[in-house]
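# Below are the sequence and a predicted model; questions follow.
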Amino acid sequence: MMAKPASINAPHDERANPPRDIGENNVNFEKTRLSWVWWILVLATAAAALGAGLLTSTQIEDAARESYDLRRQEVISSIRDRMNDYEQVLRGGVGLTVSNEAVSRTQWKTYVDELKIEENYPGIQAIGYSVWVPSAEISNHIRKVRAEGFPDYTLRPEGPRERYTSIIYIEPFDERNRQAFGYDMYSQETRREAMRRAVETGETFISGRVTLVQEIDADVQAGFLMYLPHYRAIGPSPTVEDRWAASVGFVYGAFRMRDLMNGVVGNLEDIGLEIYDSEIVSNDTLMYRSFNSEVTGQEFTNAKYASVEKISITGVTWTVRIASLNRFEKQFNQRVSLIVFAIGGLIAFLVGCTVWAFHSTRTRAAEMATRMVASLQARTEALRKTNLELEEFAYRTSHDLRSPIRSSLGLVTICEESLDHRNIDEAKQSLGHIKTAMSKLDGLIKDIHEIVRADKVEPKKQLVDVPRLVGETLKSLSHMEGFDAVDIRLDVEDGLALTTDKERLRVIVGNLVSNAVKYQDPSKPSPFLEIAAHQDGSTFKLSISDNGIGIPPDRANEVFSMFKRFHPRISYGSGLGLYILKKSVDILGGDIRYEPTDNGSLFQFQLANAFESTRS
């Protein structure tokens, strides 16, 4: 008889006093599970941010390397092409001498004038014609040239030697080039070697580094000469002896190296260029350097990108060294990747806070459920619904935060593949999707960029037409939602103009106007915005007021602080707008104040000494 009551009473006792270890085990299991979820979400978000930052850094580095390679190839090609052009000029000169048994001075001048070398071949100092002068004919040669109207002509330098040459034609025949008139280039070892090789091969040859006889002032530059031999009639497959016997002289070009390179590559500001006249790199062979290391503080050894090229120029080898300078490297700094890292870290932090809040809430709910045995079913159902709502909240929050980065990473991969296949249209389409996916983060990035830019860009003062600026600003914001509902009241002094940074003043006006439009008070039937601008002595005064929802009075001292959002349910801005506005005011040297009013908000901006330059 005792067994039956015991079996009957057992379920009753279990319902009345449920074992605590079951509830505690469920709570502990829930804590463990949510801890893992928290860590997985945080680590996944951090990994995505790290991947985005590394990808951005890699892309910046690849773009810098590609840009450097393009600049390097551009410089090398320009040098090769221009030297080929000069060789063609000399060949034209040889053609002139071959077609005329005795080319005249007038014919030579006409040929060079028609070339328009300053316009078409910048960098060449002179185009000349030099002939062999037999030692027995030197006196007759000098007498003949003097008879042409050059009484001071002589063959230089004087003194006995095996062979003689003389420059008889040289154009342009200006003061600098007249120093070479009558000069025997074969008397100098470096020039002689290039002339000898030109005669014996019949090809164009350039000399090594020399100082031109045209150097007559303090600006002495390294120079070189390009020679193309001129022969009398000569048979096929001539020997070296045949060539010497038929040699009449040389058509040649003279070059001052810095003038030449200014004409070939222009004023290089982003890369450094050095040219040596052989494969040996030394001060003795250095012909040109585009930068002053004492001024720039840079050498090839500390350049981020550098290369050494060996290029063949009409029979000789030049060593060309190219390196990036600070101006080039600053175009590809890693600030963007650091911003991506920072944003990713912020996202990871927000996801962690969200999930941790969810974790704590659910744990407390589970603990409460174990203590509320009397209404277990009702509270379990309520808890289930609460859990579903919390899960939905956590999912949407983490999804919205992670989605832009996750989708952008995939689109970046597609974009890279499109660029690899030169599919520009598809790449542009992918970039458009990236722009859309990152729209929620774009405002923050732009604001951060604006803060950085504000510190870097010096104020650019100019005369600003205030009524026109206000009108342009209002027109640019007319697309905003709710703009047409605002009664805009203008009290701007006619003809008001001040000297300041126009774009920063536009930022100030635009920020305050857009805030007034965004933060209208729906409980007020007639929203208005009043803009007043006047001159008070030498001070410019601007006030913007509205009857919107305003700013909580207890937070008025935070108006111009960073990351402050006073109405997060109305606008999802970055919280940086008024901070950026205050930075612009500070850079202009002005002052801005906020005052809460009975109807809304009032901002007062003033800039002292804004009209001094306009009065002068």
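Nice, thanks for sending it over. Numbers count the residues shown, from 1 in each chain.
# Going by C-alpha atoms from here, please, whenever you check contacts or count neighbours.
Noted.
# What helix or strand is Ile544 located in?
Secondary structure assignment for Ile544, by DSSP states H and E: strand 539-546.
# quick one, strands of the stretch 451-600 of the chain?
With DSSP state E, counting those that start in this stretch as the definition, the stretch 451-600 of the chain shows strands at residue ranges 461-465, 487-492, 497-501, 528-536, 539-546, 591-596.
# Ok, which of the ones you listed comes nearest Leu41?
For Leu41, the closest of these is strand 591-596, at 41.4 Å, according to Cα to Cα.
# May I see the buried residues of the closest one?
Using 16 or more other Cα atoms under 10 Å as the test for burial, strand 591-596 gives Ile592, Tyr594.
# Dump the strands of the stretch 451-600 of the chain into TSV; add distance to Glu426 and mean pLDDT as well.
Shown next, in TSV, are the strands of the stretch 451-600 of the chain (distance: least, Cα to Cα, whole Å; pLDDT from 0 to 100):
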stretch	distance to Glu426	mean pLDDT
strand 461-465	42	90
strand 487-492	44	92
strand 497-501	40	91
strand 528-536	45	93
strand 539-546	46	93
strand 591-596	48	90
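# Make CSV from these and add distance to Arg72 to it.
Shown next, in CSV, are the strands of the stretch 451-600 of the chain (distance: least, Cα to Cα, whole Å):
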stretch, distance to Arg72
strand 461-465, 38
strand 487-492, 55
strand 497-501, 38
strand 528-536, 54
strand 539-546, 51
strand 591-596, 50
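# Tell me the spacing between Tyr129 and Gly182.
Distance of Tyr129 to Gly182, computed by Cα to Cα, to the nearest Å: 11 Å.
# what number of residues lie near Ile405?
Counted with other Cα atoms under 10 Å, the burial measure for Ile405 works out to 23 neighbours.
# Next secondary structure element downstream of whichever strand or helix holds it?
Ile405 is part of helix 376-420 when elements are defined by DSSP H and E. Next in sequence after helix 376-420, counting helices and strands by DSSP H and E, comes helix 424-437.
# Please name every helix or strand in contact with that following helix.
Secondary structure elements in contact with helix 424-437, counted by 3 or more Cα pairs under 8 Å, 6 or more residues apart in numbering; DSSP states H and E, are helix 376-420.
# at 10 Å what do you get?
In terms of contacts (3 or more Cα pairs under 10 Å, 6 or more residues apart in numbering; DSSP states H and E), helix 424-437 is packed against helix 376-420, helix 439-456.
# Out of these, which gets the lowest mean score?
Between these, the lowest average pLDDT goes to helix 439-456, which shows a mean of 57.
# Any regions of the stretch 201-350 of the chain where pLDDT drops low?
Low-confidence segments of the stretch 201-350 of the chain, defined by pLDDT under 70, span residues 292-301, 332-338, 340-341, 344, 348.
# Tell me the backbone dihedrals of Tyr129, please.
Summarising the backbone geometry of Tyr129 under the convention degrees, to the nearest 10, its torsions are phi -130, psi 120.
# Report the beta-bridge partner residues of the spatially closest residue to it that is not a sequence neighbour.
Of all residues beyond its chain neighbours, the one nearest Tyr129 is Val251 (4.7 Å), with distances taken as Cα to Cα, 6 or more residues apart in numbering. Beta-bridge partners for Val251, by DSSP bridges, are Tyr129, Leu228.
# wait, what's in contact with Val251?
Val251 makes contact with 89-95, 97, 127-131, 167, 169-170, 204, 226-230 under the criterion Cα atoms under 10 Å, 6 or more residues apart in numbering.
# hmm, back to that, pairing partners for the strand holding Ile544, with directions?
Strand 539-546 has the following sheet partners, assigned by DSSP bridges: strand 528-536 (antiparallel), strand 601-607 (antiparallel).
# ok and the longest one relative to strand 497-501, angle-wise?
If you take axes from the mean of the first three to the mean of the last three Cα atoms, to 10 degrees, strand 528-536 sits at 100 degrees to strand 497-501.
# CA atoms of strand 528-536 as CSV?
These are the backbone C-alpha positions of strand 528-536, laid out as CSV (Å, rounded to 0.1, in the frame of the first residue of the first chain):
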residue,chain,number,x,y,z
PHE,A,528,11.7,78.4,-41.0
LEU,A,529,15.4,79.1,-41.6
GLU,A,530,16.8,82.6,-41.2
ILE,A,531,20.3,83.6,-42.6
ALA,A,532,21.7,87.0,-41.8
ALA,A,533,25.1,88.4,-43.0
HIS,A,534,26.4,91.9,-42.4
GLN,A,535,29.6,93.9,-42.1
ASP,A,536,30.3,95.5,-38.7
